Structure formats: structure tokens, C-alpha cells
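In: What shape does this take:
(one chain, ligands or ions: 1)
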Amino acid sequence: MYGKTNYEYVWLDGSAEPSIRSKVRVERGAPDNAPLWGFDGSSTNQAEGIDSDCLLSPVKEYTNPFNNPNSGYPDNKLVLCEVLNPDGTAHNTNARNILNSNSSQHLKNQDWWFGFEQEYVLVDPITERPLGFPEEGYPKPQGDFYCGVGVENVAGREIVDMHLEYCWDAGIEITGTNAEVMIGQWEYQCFGHGLDAADDLWMSRYILYKIAEKYNTAVTLHPKPVLGDWNGSGMHTNFSTGKMRDNGGKKLIKDICNALDKNHKEHIKVYGSNNDLRLTGLHETQHIDEFTWGDSDRGASVRVPVHTINNNYNGYLEDRRPGSNADPYKIVGALVKTLQSCRV
Ligand code: MG
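Out: Down below sits the predicted model:
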């Protein structure tokens, strides 16, 4: 019998809001790296049928946490890929490549740190209602669900707990999880440096979807999956640079927030679709057309966390505007571009 390695290629399709796609390649033995591969771009909104080949260029490998430890093949990998045209140039849907080529060494040298607070809602695929919602009508009003305990207050915890462990097995730094304000809604925090932070967030989403499949459960990243008096889902993005952490101060924080104010519209453009349904000025959000910032203010667009205030304004900021469905490559790109003028 030959040894083998499974490479699970993971990439983003050409939908306006990219969806994740994956397929498995089996290699005999244990090659050093996953090879360049191809796929049918006409089935992913990335090519026409008459000229449909696109390339998958592996950029990062993760330990596959879905490995069966008893399989005898412990080297299986999840492989994050960029999509290329047949001639090897970057495909126009390849936001990772755009970020990588536009941003300075500054991002690449991992001086930037990001903490994404990914919120999501687990959904019954038959009723299309969040887990924990009755078949008709609504659950009790919000109040007991946030960080809730007990079957009457949370739904889907087994998925959340497994996701945390599987991400760490893959080498992705999840720094916490919690039940959110609506039943069936959860959050995890994903921390990383530079471009890796965005890579890891995409792969953590992939792992979440795959675990949810095991439980016959859907995951929605829609920023307002239930209309009305129910919290939407966001992806608060905490960010800092070495200068902000070590040599910040009130003036630098103010300069950064002023620059974010000036470029508010450019940020909102890449902070996810349907975000207007979530950023209403209610449910701990600022209205999508307004920009405000403030110390410890959860109703602001950007919050200065108490940790930063207490450290003489050295530390990180929290951008509360991104929706749960935003592409982290685009969030990072917008922040890096806007903060250039602040010499961070
Ligand atoms: Mg939250």
C-alpha cells in the first residue's frame, strides 16, 4: 500500500460577497508542498464556459483538524489558495493579491495586529430560522441569551466548542468565544499578525462551515438575519501597529480617528453588503451615515477600549463598523490605506 497526503484546497469564488469553495487532491506519498492546481472557473463566477480554466495557487498550509488520528495519514492539510488566471496573473477576484501588492512592507512585517470578532448565526436549513427559534413566532425577547447558559438560552454550543478546538489544531489563534445577544447567534475572536490575520479568519470560517455540516446546520454571516428588534451580526475589528502599542498617546489616537472619519465612506463600501440593515444607530451601533469615535463608547463607529485609555492611549482601537460578512482582506486594506497619512 502507498502512503498518501490529502490536500484540501480552499479558495474564494467570484460572487459579489465571496463564498468559500474547496476540493480535495490526493497525492501519493508525502510531498513537501501542495502543487499548483486548477478548477472550472465557469462554475464559480470566475470565468466563461468557453475559457473556463482558473488556477489555484497555494499560499498557506494548515494542519487539517478533521484528520482522523487513526487513519495512518497524519499529514493531511488544508491549503489556502489564491485564484490565478491561466497565464499565472492574479484573477480580478483575488482580493488577497490586491492587498499584498498594494500594501507596504509595514503590513508584511507583521507590525500590524488584528483581532476580528466574528459574529454569526446558526440556522436550521429546513425552517431557515436561527437555532433556538420556535417553528412559528419568536423566542422570548433578548436579554438572557448574551453569554447565556442552559438549553432555554443557547443553541448550538457543541458546534462552537468544536470549532474552537479545531481552529487551534489547525494553528489558528482563536482567543475566545461567547453566545451573542440573539439566540442561535455566536461570536469567536480570531487574532493574528499582518496578512496572516485575514488568512486565518477565512480558514476559521471554512472550519466553522464544515463542522456545522456535521450537525446538519447552516451558518449565516448575513449582518441582519432577523429583522426587527434583534441584534445583527458584525465583525468588530481591533487593530494596532507597533507605534500605536508602544509610542501612541492621545494625539496619535485622535489623528487616526480623524483619518477614519475623513475616509468613512470608502470603508463602508468594503465593510460588507446589507450592513445598512445592521448599522441603524440602535443595538450598540452607530448609524451607517455617521462617523463618531469615543472612549469606551459602544454606540460609536470606533471605540477607544479601556485598556488603551488606561495605558496612556497606547494600545489598539476597535472599528465597530464591519459587518459579519465583510472580507477581511478588504477591511485590512482599507485600514492600512487610511492610516498611511498618520505615519503609524
Ligand atoms: Mg459581539
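
In: tell me the contacts of G171?
Out: Under the criterion of Cβ atoms under 8 Å, 6 or more residues apart in numbering, the contact list for G171 reads 62-63. Just so you know, the C-beta spots here come from the backbone N, C-alpha and C atoms, and that holds for glycine as well.

In: One more: E48?
Out: E48 makes contact with S42 under the criterion Cβ under 8 Å, 6+ apart.

In: Okay, it and G14: tell me how far apart.
Out: 11 Å (Cβ to Cβ, to the nearest Å).

In: hang on, G242 packs against Q110?
Out: No: using Cβ atoms under 8 Å, G242 makes no contact with Q110, being 9.5 Å away.

In: where are the low-confidence patches of the stretch 151-300 of the chain?
Out: The stretch 151-300 of the chain contains no residues with pLDDT under 70.

In: Show me where it has its strands.
Out: For the stretch 151-300 of the chain, applying DSSP state E, counting those that start in this stretch gives strands covering 173-179, 185-193, 218-220, 235-240, 293-295.

In: Out of these, which is closest to V26?
Out: Among the strands of the stretch 151-300 of the chain, strand 218-220 comes nearest to V26, with 27.1 Å by Cβ to Cβ.

In: Name every strand pairing with that closest one and say which way it goes.
Out: Sheet pairing of strand 218-220 (DSSP bridges) gives strand 113-123 (antiparallel).

In: Enumerate every residue touching S296.
Out: Contact partners of S296, counting by Cβ under 8 Å, 6+ apart, are 303-306, 309.

In: hmm, back to that, closest to K337 out of the strands of the stretch 151-300 of the chain?
Out: Per Cβ to Cβ, nearest to K337 of those: strand 235-240, 12.7 Å.

In: Give me the helices and strands touching that closest one, please.
Out: With contacts defined as 3 or more Cβ pairs under 8 Å, 6 or more residues apart in numbering; DSSP states H and E, strand 235-240 has these neighbours: strand 113-123, strand 317-319, helix 328-339.

In: Could you export those as a markdown table, including mean neighbour count and mean pLDDT?
Out: Output for these, formatted as a markdown table (neighbours: other Cβ atoms under 10 Å; pLDDT from 0 to 100):
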| stretch | mean neighbour count | mean pLDDT |
| --- | --- | --- |
| strand 113-123 | 24 | 98 |
| strand 317-319 | 22 | 98 |
| helix 328-339 | 23 | 95 |
